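Visitor: Here is a sequence with its predicted model. Questions after.
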Amino acid sequence: MKILTSFAELEQLQSNIVYALGTFDGLHKGHQTVIQRAVAEAREQAACTVVVTFDHHPLYILNPERCPGSLLQPELKAKVLIDLGVDFVLRLPMTKELLAMTADDFVAALTVHNEVKAFVVGQNFTFGAGGLGTPDLIKALVEPKGINVYALSLAQCPEVQEHVSSTLIREAVKVGHLELVHSLLGRPFMFKGTVIKGDQRGRILGFPTLNFLYPKEMTLPPDGVYVNRVFIDGNWCEGVGNLGDNPTFENQYHRFEVHLFNFDKMVYGYEATIEFWKLLRPEKRFDSLDELIKQMKIDEQAAKDFFKQK
Ligand SMILES: Cc1cc2nc3c(=O)[nH]c(=O)nc-3n(C[C@H](O)[C@H](O)[C@H](O)COP(=O)(O)O)c2cc1C
Ligand SMILES: Nc1ncnc2c1ncn2[C@@H]1O[C@H](COP(=O)(O)OP(=O)(O)O)[C@@H](O)[C@H]1O
């Protein structure tokens, strides 16, 4: 899969194209339906699939304070898109100029220089200046040229009787409903980070932990203790983690740390991917180390039981 970042790079593409359009934050089940349809259509038409998306949410430019947290970092997003069979991603930098581009100009930029076979979008997709571009507008502009437009109905979420949306998933992450999030994403909620040095206290407590700074652009789950799986040093490991600022101790900072079962290696500086499977309990302040250790043992057993029953 190749990532393009400008219309100029897109123009160089010689092959027939099927587009999937969307912001696609999280690549949830609804997004996956749109992209899978584009990939299938491209195969039928001997075309390549180009997913057109943006590097940031529009509010990142318009009103950064209100910009929602992301559900998937770019590197992990690329991996999901590769697994879906996508050939190209046109990841447009979100800028004032792009936001001012009319919907007609946006469609023209995707069609004037390329041989396009089809567009696939979700029914509620809007784009272009003022969000005035709709699936019907794409149809009006390109169907006369023999280009098919498929506006797919929205994937429904049986758990809450609403359609699957990035907003719904963000809200579920923020309150710690990680099992619902898992079901709506079709995979666990995850982030990627680098192992940093902590206070070197974990090993003394009998619970060495990998420490990470939680990525600030990502939607933040509540502080608490989680069942996790971690990809590190080429393997997936099960574990139990804590997100928070360790109120039992003085002079702490907000971080995520995870104790892995069946792991015994020094991995400072390594990259890891951390999955969140379930919130076990809120973080709390303990009056003594013994009480904290006693609770960590209970947490460890709860996480092991979770994986055993899965
Ligand atoms: C399963 C688990 C549960 C934890 N729960 C709490 C907690 O409720 N309150 C707290 O202050 N710290 C909690 N911690 C964080 C520990 O205080 C921390 O891992 C320990 O102090 C080691 O820190 P270090 O890795 O910086 O050396 C938890 C850690 C783990 C692994
Ligand atoms: N089972 C394990 N789970 C997590 N980290 C482990 C484990 N065994 C060894 N380690 C290593 O020990 C380090 C954690 O030890 P710890 O005393 O908690 O130090 P720190 O506070 O720097 O994280 C990790 O960064 C990792 O390299």
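Guide: Here it is on my side, so go on. Ligands and ions are numbered 1, 2, ... in the order given.
Visitor: CA atoms for contacts and neighbours, from now on please.
Guide: Will do.
Visitor: List phi and psi for Ala78.
Guide: phi -60, psi -40 (degrees, to the nearest 10).
Visitor: From Leu90, how far off is Cys67?
Guide: 22 Å (CA to CA, to the nearest Å).
Visitor: So if I had to pick from those two, which one is more boxed in?
Guide: Neighbour tally, Cys67 and Leu90, criterion other CA atoms under 10 Å: the higher count belongs to Leu90, 21 against 15.
Visitor: State the distance from the more buried one to Ile3.
Guide: Counting by CA to CA, the gap from Leu90 to Ile3 is 6 Å.
Visitor: any idea of the mean pLDDT in stretch 212-220?
Guide: Across stretch 212-220, the average pLDDT comes to 97.
Visitor: Show me the contact partners of that stretch.
Guide: Residues outside stretch 212-220 that contact it (CA atoms under 8 Å, 6 or more residues apart in numbering): 68-73, 170, 173-174, 191, 193-196, 254-257.
Visitor: 10 Å instead, please
Guide: Stretch 212-220 is contacted from outside by 67-73, 169-171, 173-176, 189-198, 243-244, 253-258, 271-272, 274, using CA atoms under 10 Å, 6 or more residues apart in numbering.
Visitor: ok so, going back, overlap of the contact sets of Leu90 and Ile3?
Guide: Glu9, Leu10, Val50, Val51.
Visitor: which bits of the stretch 51-200 of the chain sit near ligand 2?
Guide: Lys197, Gly198, Asp199, Gln200 (CA under 6 Å from any ligand atom).
Visitor: In the helix or strand where Glu75 lies, which of the residues would be classed as buried?
Guide: According to DSSP states H and E, Glu75 maps onto helix 74-83. Of all the residues in helix 74-83, those buried under the rule 16 or more other CA atoms under 10 Å are Lys77, Ala78, Val80, Leu81.
Visitor: how about Ile232, phi and psi?
Guide: Reported as degrees, to the nearest 10, the phi and psi values for Ile232 are phi -150, psi 140.
Visitor: now the closest residue in space to it that isn't next to it in sequence, what's its secondary structure?
Guide: Leaving aside its chain neighbours, Ile232 sits nearest to Ala272 (4.9 Å; criterion: CA to CA, 6 or more residues apart in numbering). Under DSSP: H, G, I helix; E, B strand; the rest coil, Ala272 falls in the strand class.
Visitor: For ligand 2, state which of the shared contacts of Leu90 and Ile3 is nearest.
Guide: Nearest to ligand 2 out of the shared contacts of Leu90 and Ile3 is Val51 (CA to the nearest ligand atom; 37.5 Å).
Visitor: Could you give the bridge partners of the residue nearest to Ser6 when sequence neighbours are not counted?
Guide: By the measure of CA to CA, 6+ apart, the closest residue to Ser6 outside its immediate chain neighbours is Leu92, 6.0 Å from it. Beta-bridge pairing of Leu92 under DSSP bridges involves Phe54.
Visitor: One more: Thr194?
Guide: Here Thr194, judged by DSSP bridges, has bridge partners Glu271.
Visitor: Numbering from 898 from now on, please.
Guide: Shifting the count to begin at 898 puts that one at Thr1091.
Visitor: Correct me if wrong: it contacts Tyr1167.
Guide: Yes - under the criterion of CA atoms under 10 Å, Thr1091 makes contact with Tyr1167 at 5.6 Å.
Visitor: nearest spatial neighbour of Asp952, skipping sequence neighbours?
Guide: Closest to Asp952 by CA to CA, 6+ apart is Pro990, at 5.2 Å.
Visitor: coming back round to it: if you count surrounding residues, which of Thr1091 and Tyr1167 has more?
Guide: Per other CA under 10 Å, whichever of Thr1091 and Tyr1167 has more neighbours is Thr1091, with 17 against 13.
Visitor: can the longest helix along the chain be found next to ligand 2?
Guide: In terms of residue count, the longest helix belonging to the chain (DSSP state H) is helix 1186-1206. No - judged by CA under 6 Å from any ligand atom, helix 1186-1206 stays clear of ligand 2, getting no closer than 11.5 Å.
Visitor: tell me what that helix is packed against?
Guide: Other elements packing on helix 1186-1206 under the criterion 3 or more CA pairs under 10 Å, 6 or more residues apart in numbering; DSSP states H and E are helix 1099-1102, strand 1121-1129, strand 1132-1141, strand 1152-1157, strand 1168-1179.
Visitor: out of those, nearest to Ile1035?
Guide: Across these, Ile1035 has its closest neighbour in strand 1168-1179 (37.7 Å, CA to CA).
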